[in-house]
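In: mind looking at a prediction? Sequence and model below.
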Amino acid sequence: MLELIPDGLTLTEALILFAASFLGSFITAALGVGGGAFLITVMAGIVPPIALVPVHGVVQLGSNASRAFLSRQYLDRPRLFWFVTGAVLAVAGGVWLVGCLDTQLIPLFIALFVLWITWLPMPKIGLGRTRVGLAIGGFVTTLASFLVGASGPLVSAWLSKDAHNKWHYTALFSTAMSIQHLLKIIVFGAIGFAFSAWVPVMTGMIVLGYLGTKSGLKLLGKLPEARFRLLYRWFLSLLAVRLLVAWWLSLSVS
């Protein structure tokens, strides 16, 4: 079992990642958004910075793809097309970002991003109704995903407009996120990230993520959302603060 775990990762840490993948997918399926931010905040305290965004991308691709498949009959394909057009155009910018970014800054970006989306209001973008607006959303949020991994709340700000119901939103959001994560994986693979060392851990996280998705979809629209969201916000904030402290301490050590 231990030989299946990448160097520097313990069995306990791997089990924590599996549990976090289940909970992250459950949260996104049940509430519509938020699980990706939860997962990458947990991962940032365990996974080396250089592997954080690409490994998170693979796991979230599995989670979102399963959710997209399970809700595929509700997909709004025209809106998806324009969003993905912008996402594809962002790939060149993503290559540049990955090439010049100091990976030690990634946990800092993630912690600050999580605190922002948790406590500050998301901008009222209002562009999700137009083709150009959707393309801009695909471009901007895909670039952001190379820095913080979990761009879900930003994607939601574009795609939740005019959603007919929770199932229509889930189908569009999950499919858009799947394609965004796939593009990110392609970029990291092209620049030489060794995904192979992480295959066993990523596989376990994807399987647990699928189970979390199925469990969360059964409760879609049935949870007491106000109470659940409040508890989620405080828990996520504690994880982000812990990440900030760990990042600061790592600076003093180095």
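Out: Arrived safely. Residues are numbered from 1 along each chain as shown.

In: which ones are touching Ala51?
Out: Residues near Ala51 by C-beta atoms under 8 Å, 6 or more residues apart in numbering: Pro6, Phe193, Trp198. C-beta coordinates here come from the backbone N, C-alpha and C atoms, glycine included.

In: residues in contact with stretch 65-82?
Out: Under C-beta under 8 Å, 6+ apart, the answer for stretch 65-82 is 25, 28-29, 128, 131-132, 134-135, 138, 159, 167-168, 170-172, 174-176, 178-179, 209-210, 213-214, 217.

In: any quick PyMOL command for the buried ones out of these?
Out: Remark: buried members of these, expressed as a PyMOL selection using 16 or more other C-beta atoms under 10 Å:
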select buried, resi 25+28+29+128+134+135+138+159+167+168+170+171+172+174+175+176+178+179+209+210+213+217
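
In: which of the contacts of Ala51 fall in strands?
Out: Assigned to strands by DSSP state E, none of those qualify.

In: okay, the residues you listed in CSV with pLDDT and distance to Phe113 next?
Out: Formatted as CSV, the contacts of Ala51 follow (pLDDT from 0 to 100; distance: C-beta to C-beta, whole Å):
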residue, pLDDT, distance to Phe113
Pro6, 81, 25
Phe193, 87, 21
Trp198, 92, 23
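
In: pull out the buried members of those.
Out: Using 16+ other C-beta under 10 Å as the burial test, the contacts of Ala51 include Pro6, Phe193, Trp198 as buried.

In: check which helix or strand covers Phe188.
Out: helix 166-190 (DSSP states H and E).

In: quick one: list the elements packing against that helix.
Out: Contacts defined by 3 or more C-beta pairs under 8 Å, 6 or more residues apart in numbering; DSSP states H and E place helix 166-190 against helix 49-70, helix 77-89, helix 91-100, helix 131-148, helix 152-159.

In: of all the ones you listed, which lies closest to Phe113?
Out: helix 131-148 (4.4 Å; C-beta to C-beta).

In: mean confidence score for the closest one?
Out: Model confidence over helix 131-148, given as mean pLDDT, is 89.

In: for stretch 97-117, same thing?
Out: 86.

In: got the contact list for it?
Out: 37, 40-41, 44, 49-50, 52-53, 143, 146-150, 153-154, 187-188, 191, 236-237, 239-241, 243-244, 246-247, 250.
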